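[1] Quick one: sequence and predicted model below, then my questions.
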Amino acid sequence: MAVKGTGPYNPENIFAKILRGDIPCKKVFENEWVLAFQDIAPKAAVHILIIPKKPYVSFIDFTKTASEDEIAGVMKAAGQIASELGLDESGYRVITNAGENSGQEVPHFHLHLLGGQPLPPFPV
């Protein structure tokens, strides 16, 4: 079910629970800005979710309220994770969904890192 990309942050969403340690994950990376883990329903050979540690509802919220350091930290982490997973040579895709029309399902900003195989054309 799609969620709005605006409004108050719900601290009971699944990613908030993962950040608190209430729900386990298969962590692949963590630093001061993000936690990254394997998606439980992967759409590619490599499908990693990268979530900021602070509570942002969506990319909309993140770009309006996060500090420049945090925005840079999240993006640099995505590139570092891709490199550490050996995806630089073959390529990869980074996607985020923001709001109902995008199909955003979890009301916590996150990036999908997809790779490890040829990916289908991006929908237009």
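    Alright, I've got the coordinates. Remember, predicted model here, so these are calculated numbers, not experimental data. Residues are numbered from 1 along each chain as shown.
[2] Now tell me what touches the longest strand seen in the chain from outside.
    The longest strand of the chain (DSSP state E) is strand 46-52. The set of residues external to strand 46-52 that reach it, using C-beta atoms under 8 Å, 6 or more residues apart in numbering, is 15, 18-19, 28-29, 33-39, 62, 66, 70, 74, 77-78, 81, 85, 87, 92, 108-117. From N, CA and C alone the C-beta is placed, and that goes for glycine too.
[3] Show me how to select, in ChimeraX, the buried members of those residues.
    The buried subset of these, as determined by 16 or more other C-beta atoms under 10 Å, is captured in ChimeraX by this line:
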select :15,18,19,28,29,33,34,35,36,37,39,62,66,70,74,77,78,81,85,87,92,108,109,110,111,112,113,114,115,116
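[4] Could you check how far E12 is from I95?
    E12 is 25 Å from I95, where distance means C-beta to C-beta, to the nearest Å.
[5] And the two? Which one has more around it.
    Comparing E12 with I95 by other C-beta atoms under 10 Å, the one with more neighbours is I95, at 12 against 9.
[6] Which residues are in contact with the more buried one?
    Contacts for I95 were tallied using C-beta under 8 Å, 6+ apart; they are L111, H112, L114.
[7] shaky segments in the chain?
    Counting by pLDDT under 70, the ranges of the chain that qualify are 124.
[8] Tell me which stretches of it form helices.
    14-20, 59-65, 68-84 (DSSP state H).
[9] Show me what the first one is packed against.
    This points to helix 14-20. strand 34-38, strand 46-52 (3 or more C-beta pairs under 8 Å, 6 or more residues apart in numbering; DSSP states H and E).
[10] list the buried ones in the last one?
    Read that as strand 46-52. In terms of neighbour count (16+ other C-beta under 10 Å), strand 46-52 has its buried residues at V46, H47, I48, L49, I50, I51, P52.
[11] E84: neighbour count?
    Residues lying near E84 (other C-beta under 10 Å) number 12.
[12] Quick check: it touching F29?
    Yes. In this structure E84 lies within contact range of F29 using C-beta atoms under 8 Å: 7.0 Å.
[13] Relative to Q38, how far out is S90?
    Taking C-beta to C-beta, one finds S90 at 18 Å from Q38.
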